[in-house]
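S.K.: requesting a structural model of the entry that follows:
(one chain, ligands or ions: 1)
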Amino acid sequence: MIATERPGPAGLLAWEHERFERVTGQLDLEPATICALHCAGRSLIVELPLQRDDGSMTVLTGYRVQHSNALGPAKGGTRYRRGVELDDVTALARLMTWKTALHGLPFGGAKGGVDCDPADLSTRELHEVTRLYTLAILPNIGSDVDVPAPDIGTNEQTMAWMLHAAGEAGRSDPAIVTGKPVILGGSLFRAASTGVGVAHVAQRAWERLGNRFADAAVAVEGFGAVGYWAATELHQRGARVVALSDITGGVTAAKGLDPAAVHAWTQSGNALVDYPDGETIDGSILAVDCDITIPAALEGTLTDSIAERVSASLVVEGANGPTTPSAEAILHDRGIAVVPDLMANGGGVISSYFEWAQNHQRVAWPEAEERRLVLERLDRSWDLLAPQPFERWRTEALAIAIGRVTDAMALAGQVTANAHRIVR
Ligand code: NAD
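M.R.: Got it, this is the predicted structure:
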């Protein structure tokens with residue numbers, strides 16, 4: 001048990017904790033090192049007094065957690081979502097530490113968010129929330145300190161507002177955030193990077209399991225920044241996207257859906273669930289008949305009861321934390337492989353790293369070059385996991401990441417330098 005942990009964490013924090021303890025239990029680490037690896041370095045809670053359009057005042061709560069800077073500046077997304085709270089943000093910051101380490105990036109891990117529903121706020125109000133949030137966390141962020149990016153409920157517009165607010169406060173620096181619009185120093189591949197990477201890893205994993213990717217039937221839960229690009233790339237690679245969903249519900253078509261046509265439908269103001277060339281899904285999309293299922297919406301959507309009904313033989317985690325530990329155990333018992341989030345959705349932070357590096361050098365790379373380099377990095381990480389039995393993919397990914405962070409902390413004299421071989 002980690003002495004510094006708050007009692008009774010629920011949800012994401014509990015799942016992250018369980019997985020961390022399982023992996024560190026297999027590594028030859030001092031208890032003090034395990035404790036130092038796990039505690040969040042800095043957690044900031046800010047209150048944001050927002051004047052609503054009707055003149056009333058509401059106070060929103062925002063968070064920024066920097067878990068680790070052992071390998072470089074902390075790095076992680078910013079989510080705007082009703083119910084965001086410190087435990088979830090802490091768990092997600094830790095996940096970012098392991099993700100950046102797994103992919104060999106010179107970053108630590110962070111996460112932030114504001115407890116609000118963007119759909120309830122006007123554009124002016126969203127801009128004001130972002131300005132207040134940026135100013136509140138500004139003393140703690142910076143291109144060499146902690147670099148925010150978009151996540152659920154935020155996008156390149158949010159990053160443009162953050163950049164502008166920082167500039168107005170005398171902190172003009174394009175590398176202070178990633179996921180910016182291209183005209184403000186964003187990279188050409190960043191928007192597509194997470195989803196394209198998810199599709200790429202799905203293909204690698206499906207082939208590793210001895211299957212042909214062409215015509216593989218895939219379901220994608222969530223049709224946002226990650227799900228849209230993943231579905232588009234899967235379609236372009238010859239897979240059949242047989243089901244898509246978003247907050248409005250899901251549709252399925254055995255002959256396949258064209259993600260571009262579904263996107264045009266939703267962009268015209270229609271609900272995805274009403275898409276005419278498919279049947280409405282009754283229940284969870286993750287249980288739809290298919291070969292590969294990709295949860296790319298929220299954490300915790302793949303629960304025990306859904307795990308019992310998954311028909312796919314491969315789950316690829318596009319979202320952060322979609323599969324609970326007990327659901328993963330059920331999937332493994334049923335012979336279903338899971339590519340963990342830190343591996344599958346790492347394309348986004350790899351691309352963010354390239355955006356940050358381009359900003360520092362004041363250069364802009366061609367999109368094709370960045371895409372090639374992102375996929376090459378994903379391949380490098382995947383090649384470390386692929387030889388393992390699929391039941392060990394998450395454990396192996398975490399063990400590699402924790403080993404690298406431990407090495408860095410030992411070199412800095414923060415923890416005892418000792419071996420951390422995997423005890424199998
Ligand atoms: P987003 O806000 O752009 O999209 C989320 C999508 O999920 C939307 O289409 C929404 O309608 C849908 N959704 C919400 N509730 C749903 C439900 N109950 N069932 C089905 N769909 C539902 O967010 P995003 O940036 O695409 O992030 C999705 C996930 O991927 C999150 O877990 C995020 O942390 C993770 N992630 C994002 C990035 C990135 O670059 N954006 C990188 C790595 C990981």
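
S.K.: tell me which parts of the stretch 101-250 of the chain are close to the ligand?
M.R.: Within the stretch 101-250 of the chain, the residues that sit near the ligand (C-beta under 6 Å from any ligand atom) are 150-153, 194, 221-227, 245-247. C-betas here are computed from N, CA, C, even on glycine.

S.K.: what segments of this protein are helices?
M.R.: 12-24, 31-38, 86-102, 123-137, 156-168, 190-208, 225-236, 259-267, 304-307, 325-333, 341-344, 347-361, 367-385, 393-411 (DSSP state H).

S.K.: starting at the chain centroid, how far to the fifth one?
M.R.: Yep, that's helix 156-168 we're talking about. 21 Å (C-alpha atoms, centre = their mean, to the nearest Å).

S.K.: just for the stretch 301-424 of the chain, where's the confidence low?
M.R.: 417-424 (pLDDT under 70).

S.K.: quick one: find the helix or strand in this protein with the lowest mean pLDDT.
M.R.: Within the chain, confidence by mean pLDDT, DSSP states H and E is lowest for helix 31-38 among all helices and strands, at a mean of 91.

S.K.: packing partners of that one?
M.R.: With contacts defined as 3 or more C-beta pairs under 8 Å, 6 or more residues apart in numbering; DSSP states H and E, helix 31-38 has these neighbours: helix 12-24, helix 393-411.

S.K.: quick check: buried residues in it?
M.R.: Buried residues in helix 31-38, counted by 16 or more other C-beta atoms under 10 Å: 33-38.

S.K.: please identify which of these is nearest to P174.
M.R.: The nearest member of those to P174, counting by C-beta to C-beta, is L37 at 32.0 Å.

S.K.: quick one: that closest one and R404 touch, right?
M.R.: No. If you go by C-beta atoms under 8 Å, L37 and R404 don't touch, sitting 11.0 Å apart.

S.K.: point me to the residue of the chain nearest the ligand.
M.R.: Nearest residue of the chain to the ligand (C-beta to the nearest ligand atom) works out as G224 at 1.8 Å.

S.K.: how close does that residue get to S268?
M.R.: Between G224 and S268 the distance, using C-beta to C-beta, to the nearest Å, works out to 17 Å.

S.K.: and if you look at M409?
M.R.: To S268, M409 is 51 Å away according to C-beta to C-beta.

S.K.: more neighbours, the two?
M.R.: M409 (19 against 7; other C-beta atoms under 10 Å).

S.K.: thought A36 was touching the more buried one, still the case?
M.R.: Yes. Assessed by C-beta under 8 Å, M409 is found in contact with A36 at 6.6 Å.

S.K.: could you tell me which residues touch both of the two?
M.R.: Taking C-beta atoms under 8 Å, 6 or more residues apart in numbering as the criterion, M409 and A36 both touch V415.

S.K.: who in the stretch 301-424 of the chain is up against the ligand?
M.R.: For the stretch 301-424 of the chain, the contact set with the ligand under C-beta under 6 Å from any ligand atom comprises 318-320, 345, 348.

S.K.: out of those residues, which is most surrounded?
M.R.: G318 leads those on contacts (other C-beta under 10 Å) with 30 neighbours.

S.K.: got a list of what that residue touches?
M.R.: G318 touches 194-195, 198, 220, 222, 226-227, 230, 294-296, 341, 344-345, counting by C-beta under 8 Å, 6+ apart.

S.K.: again with E328
M.R.: E328 neighbours (C-beta under 8 Å, 6+ apart): 307, 338, 394.

S.K.: P150: what's its closest spatial neighbour, skipping adjacent residues?
M.R.: Nearest in space to P150, with sequence neighbours left out and distances taken as C-beta to C-beta, 6 or more residues apart in numbering, is G179 at 4.3 Å.

S.K.: distance of the one you found from E156?
M.R.: To E156, G179 is 6 Å away according to C-beta to C-beta.

S.K.: which one of these two has more residues nearby?
M.R.: G179 (29 against 21).

S.K.: is E221 in a bridge, and if so with what?
M.R.: With DSSP bridges as the criterion, E221 is bridged to S245, P295.

S.K.: confirm for me that A149 is in contact with G76.
M.R.: Yes. Using C-beta under 8 Å, A149 is in contact with G76, at 6.9 Å.

S.K.: show me which of the two is the more surrounded one.
M.R.: Shown here are A149 and G76; by other C-beta under 10 Å, G76 has more neighbours (33 against 28).

S.K.: who touches the more buried one in this structure?
M.R.: Per C-beta under 8 Å, 6+ apart, neighbours of G76: 92-93, 96, 109-112, 146, 148-149, 151.
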